[in-house]
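Student: next come a sequence and a model predicted from it.
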Amino acid sequence: MSQSNPNKITALYCRLSQDDGLDGESNSIANQKSILEQYAIDHRFPNIKFYVDDGYSGANFNRPDFQRMMSDMEDGKIGIIITKDLSRLGRNQLHTGLYIEERFPQFGVRYIAINDNVDTENAESNDLMPFKNLFKNKGCSGKVICCFSLFRHISAGQPHRLCVPVWESCVA
């Protein structure tokens, strides 16, 4: 998988659901675009193209621009897909993992999740990938994704983010 094939698209995928909008500016489409574009420029990835699903849940993959991106991938147009983090690709860890580990490689596509340090071209960065999306939970991401939380976001007025282990039940 070549990172600099100038004939292939570097797909910069952004997604924001209405629920994600509650997380504030950090997940905004404008912020995601800025982060993705700068990353692509810094790493000299060619032929960048944005695919944006604004207002669509990450719980499924029936999103217009995600489907358009998949169509372009299946047509052999895409060489790299980049997201801000794993949750922007999808919140269903099983299906997200199938795309990353099966579907993308089937079409020779490299996948990068910037904030999660995932790059399918670097096997070492992927050892913990299945767990990274699993442990995004109510405490750290603001969403209830699993029925228990291993980590809770503790800020205590600090400018940095710290997750510490805790167990808590999920009340439906």
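Tutor: Here it is on my side, so go on. Numbers count the residues shown, from 1 in each chain.

Student: run through the residues that contact the closest residue in space to residue 89 that isn't next to it in sequence.
Tutor: What sits nearest to residue 89 in space, not counting adjacent residues and going by Cβ to Cβ, 6 or more residues apart in numbering, is residue 83, at 4.9 Å. Every residue, glycine included, has its C-beta placed from N, CA and C. By Cβ atoms under 8 Å, 6 or more residues apart in numbering, the residues touching residue 83 are 13-15, 36, 89, 111-114.

Student: ok, residue 89 next?
Tutor: Going by Cβ under 8 Å, 6+ apart, residue 89 touches 13, 15, 58, 81, 83, 96, 99-100, 111, 113.

Student: looking at the contacts of residue 83, spot the one nearest residue 70.
Tutor: Using Cβ to Cβ, residue 13 comes nearest to residue 70 of the contacts of residue 83, at 10.4 Å.

Student: for the longest helix along the chain, name the packing helices and strands.
Tutor: If you go by DSSP state H, the chain has its longest helix at helix 29-42. Counting contacts by 3 or more Cβ pairs under 8 Å, 6 or more residues apart in numbering; DSSP states H and E, helix 29-42 packs against strand 9-16, strand 48-54, strand 78-83.

Student: and the angle from that helix to strand 78-83?
Tutor: 130 degrees (axes from the mean of the first three to the mean of the last three Cα atoms, to 10 degrees).

Student: strand 48-54 and helix 29-42, what's the angle between them?
Tutor: 160 degrees.

Student: can you list the residues that contact helix 29-42?
Tutor: Residues lying outside helix 29-42 but in contact with it, judged by Cβ under 8 Å, 6+ apart, are 10, 12-14, 16, 25, 45, 48, 50, 52, 54, 82-84, 88, 112, 114.

Student: 10 Å - rerun?
Tutor: Residues outside helix 29-42 that contact it (Cβ atoms under 10 Å, 6 or more residues apart in numbering): 10-16, 20-21, 24-26, 28, 45-50, 52-55, 80, 82-85, 88, 112, 114-115.

Student: drop anything exposed from those.
Tutor: Restricting the contacts of helix 29-42 to buried positions leaves 10-16, 20, 28, 45-48, 52-54, 80, 82-85, 88, 112, 114, with burial counted as 16 or more other Cβ atoms under 10 Å.
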